[in-house]
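K.L.:
Model the structure of this input:
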Amino acid sequence: MRIAFDVLPLIGCRMTGIGYCEAGQIKALSRLHPEDAFLLQFFSRKNEEIKIERLKPYLRENVTPHWAKASGYVYRLVSNFLPISYQHYFGDQAQVTHFFNYIVPPHVAGKKIVTVHDMVYKTFPETVRGRTRYMLDTGLKKSMKRADRIVTDSEFSRQEIIRYFPQFADKIRVVYCGVDQNRFHPVENAAQIAAVREKFSLDREYFLYLGTVEPRKNLERLIDAYDRFAKGKSQAPYLVLAGGKGWLDDGIYRKVQSCIWKKRCCLRNMCRMRTSAP
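P.N.:
Modelled structure (predicted):
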């Protein structure tokens, strides 16, 4: 079988949760099914060698890059309103194509799978970037109609999708996110633990948030909750917020700076930066 993935979430200058979700699936499926061929599809107006370099961790004997010489941004924008064929750029090689970021473009060859991670843009639209909300408002319903299967990350998200789009209930399947145990596992090296604690001045226990620093992660509410928890405690565990900078995050930083216990709240931007490419 020939299976294609839209790898836009993997080729940008910073990887987010959607990218890590896709990366894990590509690695696992290509390893578990060596009999199948996998195509990593992306648009590239120029500098595709940089993007291929970013895809190197996923390439193997049965995994190859497949790009179209065009602007992906322009295609996504225009195809949201005009039925510009995806096959025009990528042909009909794939029997199944998986899109991880909500949108299935028009006229994709073979079966189509789309991952819809949540309904935040409907439930809390004020926490979503304006252009993202616009693309989903105008394109998500068409996308789910085109899809043969809709994948989501949890039973809660499945119920939320059905709440807003009941007509697609039969297409939805919950596929829980996996864990890369090579990266996420207990550390037994005491010296390594001590070095990290010293680097971030963590001389006691702490609560850790790890993810993009942006409004839809509800971090201001988390900080308020910690404020209530920490009051009256001289040795309360620290609150550590770690992750890449998102959008509209000024309020989060201001809230940390305004707290009387801000010395116990450590906010670190530890985004994974890579050489940028248009």
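K.L.:
what mean pLDDT does stretch 121-137 have?
P.N.:
If you average the pLDDT over stretch 121-137, you get 89.
K.L.:
List the contacts of that stretch.
P.N.:
Residues outside stretch 121-137 that contact it (Cβ atoms under 8 Å, 6 or more residues apart in numbering) are R76, N80, Y102, I103, V120, E160, Y164, E214, P215, R216, W247, L248. In short, each C-beta sits where N, CA and C put it, glycine included.
K.L.:
quick one: buried residues of that stretch?
P.N.:
For stretch 121-137, burial by neighbour count (16 or more other Cβ atoms under 10 Å) applies to Y121, K122, T127, V128, R133, M135, L136.
K.L.:
ends of that stretch, how far apart?
P.N.:
End-to-end span of stretch 121-137 (Cα to Cα, to the nearest Å): 8 Å.
K.L.:
what's the answer for stretch 165-179, then?
P.N.:
End-to-end distance for stretch 165-179: 29 Å, by Cα to Cα.
K.L.:
Then stretch 79-95?
P.N.:
21 Å.
K.L.:
May I ask which of the contacts of stretch 121-137 has the most neighbours?
P.N.:
I103 (22 neighbours; other Cβ atoms under 10 Å).
K.L.:
wait, isn't that residue in contact with R76?
P.N.:
Yes: assessed by Cβ atoms under 8 Å, I103 is found in contact with R76 at 7.0 Å.
K.L.:
picking up where we left off before, may I ask which two of the buried residues of stretch 121-137 are separated the most?
P.N.:
Greatest spatial distance in these: T127 and M135, 15.6 Å, computed using Cβ to Cβ.
K.L.:
Tell me which stretches of the stretch 51-200 of the chain form helices.
P.N.:
For the stretch 51-200 of the chain, the helices defined by DSSP state H, counting those that start in this stretch cover 72-79, 87-90, 120-123, 130-146, 155-164, 190-199.
K.L.:
can you put the ones you listed in TSV and add distance to E205?
P.N.:
Shown next, in TSV, are the helices of the stretch 51-200 of the chain (distance: least, Cβ to Cβ, whole Å):
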stretch	distance to E205
helix 72-79	45
helix 87-90	51
helix 120-123	31
helix 130-146	36
helix 155-164	29
helix 190-199	10
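K.L.:
Of all these, which one comes closest to L40?
P.N.:
The stretch from those with the least distance to L40 (Cβ to Cβ) is helix 87-90; that distance is 11.1 Å.
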